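J.: sequence first, predicted coordinates after that:
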Protein chains: 2
Amino acid sequence: MAAATTTTTASYSTLSTKHHINNNNNNNNITLRLGFLFKNSVTVRPLSLPSSRPTKLPMKVFATSAATPVTKKTSEPNSTAVPTVVDVDLGDRSYPIYIGSGLLNQPDLLQRHIHGKRVLVVTNTTVAPLYLDKVVSALTVGNPNVTVESVILPDGEKYKDMDTLMKVFDKAIESRLDRRCTFVALGGGVIGDMCGYAAASFLRGVNFIQIPTTVMAQVDSSVGGKTGINHRLGKNLIGAFYQPQCVLIDTDTLNTLPDRELASGLAEVIKDPDAFAYAIKRSCENKAEVVSQDEKESGLRATLNLGHTFGHAIETSYGYGHWLHGEAVAAGTVMAVDMSYRLGWIDESIVERVHNILKQAKLPTSPPEMMTVDMFRSVMAVDKKVADGLLRLILLKGPLGGCVFTGDYDRKALDETLHAFCKS
Amino acid sequence: MAAATTTTTASYSTLSTKHHINNNNNNNNITLRLGFLFKNSVTVRPLSLPSSRPTKLPMKVFATSAATPVTKKTSEPNSTAVPTVVDVDLGDRSYPIYIGSGLLNQPDLLQRHIHGKRVLVVTNTTVAPLYLDKVVSALTVGNPNVTVESVILPDGEKYKDMDTLMKVFDKAIESRLDRRCTFVALGGGVIGDMCGYAAASFLRGVNFIQIPTTVMAQVDSSVGGKTGINHRLGKNLIGAFYQPQCVLIDTDTLNTLPDRELASGLAEVIKDPDAFAYAIKRSCENKAEVVSQDEKESGLRATLNLGHTFGHAIETSYGYGHWLHGEAVAAGTVMAVDMSYRLGWIDESIVERVHNILKQAKLPTSPPEMMTVDMFRSVMAVDKKVADGLLRLILLKGPLGGCVFTGDYDRKALDETLHAFCKS
């Protein structure tokens, strides 16, 4: 850790969003209420300014944060000199997220987390020409003891499989990397998930660092330690919970991102696109808060996955990579909201609001035309949230911001939603 | 956990064995002294007899336990009714090891550790015809809510690879197992390692249970949570530290074990073969003690691997499965002892003693004739104990029982040992 986390008792505004936790094992029903989440707090601080006052920020489950006006902003600027730091509090597995412009030009941020002499950068054919040299330079400048290898994987969700993962192990073993090495994930969510799982498994676990270069990875997948690969029958079915040493988010990497990737990322943030750095920071804070309370998703953490059960079914059935993850989650969110409405759990204004936000972000609001009810049912049956045969879903309930993770719902509503969004 | 662990302050005899710990990061040198290990203790208790007095047993690093007379035995019998229980103390990941005859006829031992409704038994073509029905029966009798699937893998170290591991994932996913399922490893070390790694990775981690059926697995590999698969360039290079819910050792399963497997197991125990149950218990106690102090092998745990660096080089170069693991470790132990002698760290009587014990157990005391110095060097370079390019070895030092894990040794002694045991 770069620095110890300090927490002040700064006041914060009340949010209209509310979440409950009320874990009832009998019906697999979890309701979230925001107040519970304040038990621990996320501390945001500018780096290297220990005398500055950390600001305690209120917690929101980010999937619903779109509906919530931002009531308090921290005042520190995202300058090139002083990155914002969000600490993920997980005891001896805690780590910092560095957020800011030009961070890849600050070698110390990475080098302080490299403990051995060998580094393996895992990246892909799209990102390598743009940033690999820069990352190697950041790792080695003024630090001649460190040698860096790299493995460049094909780009895309369809390569997030065991065959491609083996290329990382092959490279690590052929390069004779040892337990003191560090794996660095340089790329989007696919690279982060694969590199993290490789790091979790190589020699039963080596250090790793996340350098996410897409909106999706910066606001979501690089934080929280979920790693893994896809199986032909379902997304992310093979993997590990494994936390990085740090996450370094250089917002400049978004400058090279295609428009479609930007929109896909927005499905996770649902924020004004002219405030990326702020949106990223808030998303990281939100996620860090939830992860620190429920690292291995025994309940609360599942609520981060609004729209994902429907979304994963789209990605798996349509073929990995045809739709971006964020596009599938956008359509999946609409379906989850539709089902919540059919259950009578939310009013129509929320349905409309979600539609409008996603359309503004140029994201899909319905699944691909080829999707059938049976395709959804078949893939959703192997979803990780199934427990003893019962599919649990993240749904909205009550006023704006209410969110439940539950297997206790009328199956008829699920059927109706599937039929409403599929031709057959 | 079946029952809470209680610890008494029963007295124990002094051992002639001694080990030191003195972790010096500068020279990667760890010396073990037994006294340190008493900080935590292993508790042995007969099951279901909470009023009986647990006996605190002294700790020994098992690789050297052959040389140590057993100074204190517990009095409880290994009857069919009351298994011996050794608790592995790892906080919230603690678990019991049940040891005894006829334990597969006691369904409650397994059923108390099954929390969901679905079980996947992972076994192989040799063990399935002998014990699969019995295990399925033990899991389901009087418990109609539980359904059991099984996957039967080909038998042998050469199948401990990613392709075979994928068969476990395929079966689990096709059977629509969910996060509440339990994987059961029924077989030897290969099955235990693969099933454990599959359980660690499936849906980012599900419960698992070890039912080891070989001496090797019962005294060593089923305890301590090391799981993984081989890479063509080295043993166990891909895996996870992942602890089981329980280990069930039915000593009756040894009745069907071929003589060669028995001898290979003895290379790990090095005990009188007419006292298997006792030897198994003592080995489990020793290993549980070390694992509870150093779960992820930052130092102390490495000393359990005397002979393994040389042994893994034999297994990898000679082809996985041509020699049993215990055979390779026997030859590797002789080489480690030879090198310790060349360094002047032990006297000749220890060298002779190790030779004699292994010969009595009909185990090899030199590597296969095809092994060359270069083969050893090439495989040992990717050993998990290499740190920053330096190969650390487990060697003997001082009077009988002294053991060090160190990279601080004269390279000439290693060269001389390799040349002494290889024709070219």
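T.: Received it, and whenever you're ready, just let me know what you need. Numbering: from 1, shown residues only, chains lettered A, B, ... in the order given.

J.: can you pull out the helices in the stretch 201-350 of chain A?
T.: A:215-216, A:259-269, A:276-293, A:308-318, A:325-342, A:348-360 (DSSP state H, counting those that start in this stretch).

J.: check which element follows the last one along the chain.
T.: Towards the C-terminus, the helix or strand next in line after helix A:348-360, according to DSSP states H and E, is helix A:373-380.

J.: show me what the helix or strand following that following helix pairs with in its sheet, parallel or antiparallel.
T.: Sequence-wise, the next helix or strand downstream of helix A:373-380 (DSSP H and E) is strand A:386-387. Partners of strand A:386-387 in the sheet, by DSSP bridges, are strand A:390-391 (antiparallel).

J.: could you point out which element follows the strand it pairs with?
T.: Toward the C-terminus from strand A:390-391 - assigned by DSSP H and E - lies strand A:393-396.

J.: just the buried positions in that following strand, please.
T.: A:393-396 (16 or more other C-beta atoms under 10 Å in any protein chain shown). Backbone N, C-alpha and C define where each C-beta goes, glycine included.

J.: so how far is that strand from its chain's centroid?
T.: 18 Å (C-alpha atoms, centre = their mean, to the nearest Å).

J.: that one near chain B anywhere?
T.: No. For a cut-off given as C-beta under 8 Å from any C-beta of the partner chain, strand A:393-396 has no contacts with chain B; the smallest distance is 14.0 Å.

J.: circling back: now the helices of the stretch 201-350 of chain A as TSV including distance to B:Leu300, mean neighbour count and mean pLDDT?
T.: Listed next are the helices of the stretch 201-350 of chain A as TSV, based on distance: least, C-beta to C-beta, whole Å; neighbours: other C-beta atoms under 10 Å in any protein chain shown; pLDDT from 0 to 100:
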stretch	distance to B:Leu300	mean neighbour count	mean pLDDT
helix A:215-216	42	28	86
helix A:259-269	44	22	66
helix A:276-293	30	24	88
helix A:308-318	42	25	95
helix A:325-342	43	26	96
helix A:348-360	55	16	93
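
J.: so which of these gets nearest chain B?
T.: Among those, helix A:308-318 comes nearest to chain B, with 11.2 Å by C-beta to the nearest C-beta.

J.: roughly how far is that closest one from the heart of the chain?
T.: 17 Å.

J.: how about residues contacting that helix?
T.: A:157, A:230, A:233-236, A:323, A:325, A:328-333, A:335-336, A:367-368, A:370-371, A:375-376, A:378-380, A:383, A:385, A:391, A:393-394 (C-beta atoms under 8 Å, 6 or more residues apart in numbering or on different chains).

J.: out of the helices of the stretch 201-350 of chain A, which is closest to B:Ser94?
T.: Checking these against B:Ser94 by C-beta to C-beta gives helix A:276-293 as the closest, at 23.4 Å.

J.: let's see the closest one as PDB, backbone CA atoms only.
T.: Only the C-alpha atoms of helix A:276-293 are listed here, as PDB (Å, rounded to 0.1, in the frame of the first residue of the first chain):
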ATOM      1  CA  PHE A 276     -15.400  11.000 -17.200                       C
ATOM      2  CA  ALA A 277     -12.700  11.300 -14.500                       C
ATOM      3  CA  TYR A 278     -15.300  12.300 -11.900                       C
ATOM      4  CA  ALA A 279     -17.600   9.500 -13.000                       C
ATOM      5  CA  ILE A 280     -14.700   7.000 -12.900                       C
ATOM      6  CA  LYS A 281     -13.800   8.100  -9.400                       C
ATOM      7  CA  ARG A 282     -17.300   7.900  -8.100                       C
ATOM      8  CA  SER A 283     -17.800   4.500  -9.700                       C
ATOM      9  CA  CYS A 284     -14.600   3.200  -8.100                       C
ATOM     10  CA  GLU A 285     -15.700   4.500  -4.700                       C
ATOM     11  CA  ASN A 286     -19.100   2.900  -5.000                       C
ATOM     12  CA  LYS A 287     -17.600  -0.400  -6.100                       C
ATOM     13  CA  ALA A 288     -14.800  -0.300  -3.500                       C
ATOM     14  CA  GLU A 289     -17.400   0.200  -0.800                       C
ATOM     15  CA  VAL A 290     -19.500  -2.700  -1.800                       C
ATOM     16  CA  VAL A 291     -16.500  -5.000  -2.400                       C
ATOM     17  CA  SER A 292     -15.100  -4.200   1.000                       C
ATOM     18  CA  GLN A 293     -18.300  -5.300   2.600                       C
END
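
J.: is there contact, residue-wise, from that helix to chain B?
T.: No. Among the residues of helix A:276-293, none lie within reach of chain B under C-beta under 8 Å from any C-beta; the closest is 13.3 Å away.

J.: so which elements touch that helix?
T.: helix A:34-37, strand A:84-88, strand A:95-100, strand A:246-250, helix A:259-269 (3 or more C-beta pairs under 8 Å, 6 or more residues apart in numbering or on different chains; DSSP states H and E).

J.: walk me through which strands the second one pairs with, and which way each runs.
T.: Spelled out, that is strand A:84-88. Strand A:84-88 is paired, per DSSP bridges, with strand A:43-46 (antiparallel), strand A:95-100 (antiparallel).

J.: report the rounded mean pLDDT for it.
T.: For strand A:84-88, the mean per-residue pLDDT is 93.

J.: now the first one
T.: Taken as a whole, helix A:34-37 has a mean pLDDT of 28.

J.: what does the stretch 301-424 of chain A put close to chain B?
T.: Checking the stretch 301-424 of chain A against chain B by C-beta under 8 Å from any C-beta, the hits are A:381-382, A:384-389.

J.: buried subset of these?
T.: Using 16+ other C-beta under 10 Å, the buried members of these are A:382, A:384-387.

J.: out of the residues you listed, which two sit at the greatest distance?
T.: The most distant members of these, if one measures by C-beta to C-beta, are A:Val382 and A:Ala387, lying 12.6 Å apart.

J.: so A:Pro96 sits against A:Cys246, correct?
T.: Yes. Using C-beta atoms under 8 Å, A:Pro96 is in contact with A:Cys246, at 5.4 Å.

J.: neighbour count: those two, which is higher?
T.: Neighbour comparison, A:Pro96 and A:Cys246: the larger count goes to A:Pro96, with 25 against 22 (by other C-beta atoms under 10 Å in any protein chain shown).

J.: report the central residue of chain A.
T.: A:Asp220 (2.1 Å; C-alpha atoms, centre = their mean).

J.: can you tell me how far A:Arg377 is from A:Leu391?
T.: 9 Å (C-beta to C-beta, to the nearest Å).

J.: okay, the two: which has more neighbours?
T.: Regarding A:Arg377 and A:Leu391, a neighbour count based on other C-beta under 10 Å identifies A:Leu391 as having more, with 18 against 14.
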